[in-house]
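Colleague: using only what follows, build the 3D model:
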Amino acid sequence: MGDMEFERKASVTILSALLPILLLLSACNSTPDYAPKPRGYARIYFPKHEYQQYNTDCPYTFNYPTYAVVEPDKSREAKPCWINLQLPQFNGTLHLSYQPVTSKKVFNELVEDAHTFAFKHTVKATSIDEGIIRYPDRKVYGIYYTIDGNAASSAQFFLTDSTHHYLRGALYFNTQPKLDSIQPVLDFVKKDIAVLIKSFKWKG
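Modeller: Residues are numbered from 1 along each chain as shown. Model (predicted):
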């Protein structure tokens, strides 16, 4: 075998050994062609809209969803008949705080406080709408604040008979507020808040 023939066969052998390595390196350096998947959220299972009555020694009663758990408010500033409707399935809480109305001045201060608390969320909210609540047959009046955007609280309201009683409600979710992720839950819970308000009655 001549030297040239030997060198040719040796070159072919070396090239055959290096070819898989070259192909592998080429594949590693190529940019993959893909599009990032959109962010997904865990599937939410909604319970049926079923209700039970809240009726204790407090001067008010209402219907609330069966999936909610009523607990006394244990915060330092809590007063008698302050309660929390825990929504464990949705990691949220509807805070309800009651105040007796002892004078016209106190009434005006409470109404102004409700407005102030709602508009505290102006920085994060895209809009805040006010809806009138009026059930004269039960002497239940108030304002419902719809707070749109990534605010900490998406719904607040107050109810009063204008002379003796006042109750304020505020809905909070125990997560970082992101409207696109909580919107389905918010829409569901708002229906139950509407039932609570429509069924609300003062005692005496």
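
Colleague: contacts only, for the residue positioned nearest the centre of the chain.
Modeller: In the chain, the centroid-proximal residue (Cα atoms, centre = their mean) is Phe173; its distance is 4.3 Å. For Phe173, the contact set (Cβ atoms under 8 Å, 6 or more residues apart in numbering) comprises 90-92, 154, 182, 185. Where you see a C-beta, it was placed from the backbone N, CA and C, and this is true even at glycine.

Colleague: may I have the beta-bridge partners of it?
Modeller: As for beta bridges, Phe173 partners with Gly92 under DSSP bridges.

Colleague: which residues touch the closest residue in space to Leu94 that isn't next to it in sequence?
Modeller: Nearest non-adjacent residue to Leu94, counting by Cβ to Cβ, 6 or more residues apart in numbering: Leu85, 4.1 Å away. By Cβ under 8 Å, 6+ apart, the contact list for Leu85 reads 64, 68-70, 93-94, 96.

Colleague: and if you look at Lys201?
Modeller: Counting by Cβ under 8 Å, 6+ apart, Lys201 makes contact with 60-62, 138, 140.

Colleague: for it, give its distance to Thr163.
Modeller: Applying Cβ to Cβ, to the nearest Å, the value for Lys201 to Thr163 is 15 Å.

Colleague: go on, Asp113?
Modeller: Distance, Asp113 to Thr163, using Cβ to Cβ: 18 Å.

Colleague: neighbour count for those two, which is higher?
Modeller: Remark: of Asp113 and Thr163, Asp113 carries more neighbours, 14 against 10, as counted by other Cβ atoms under 10 Å.

Colleague: name the nearest residue to the more buried one, ignoring sequence neighbours.
Modeller: Closest residue to Asp113 apart from its sequence neighbours, by Cβ to Cβ, 6+ apart: Arg168 at 7.7 Å.
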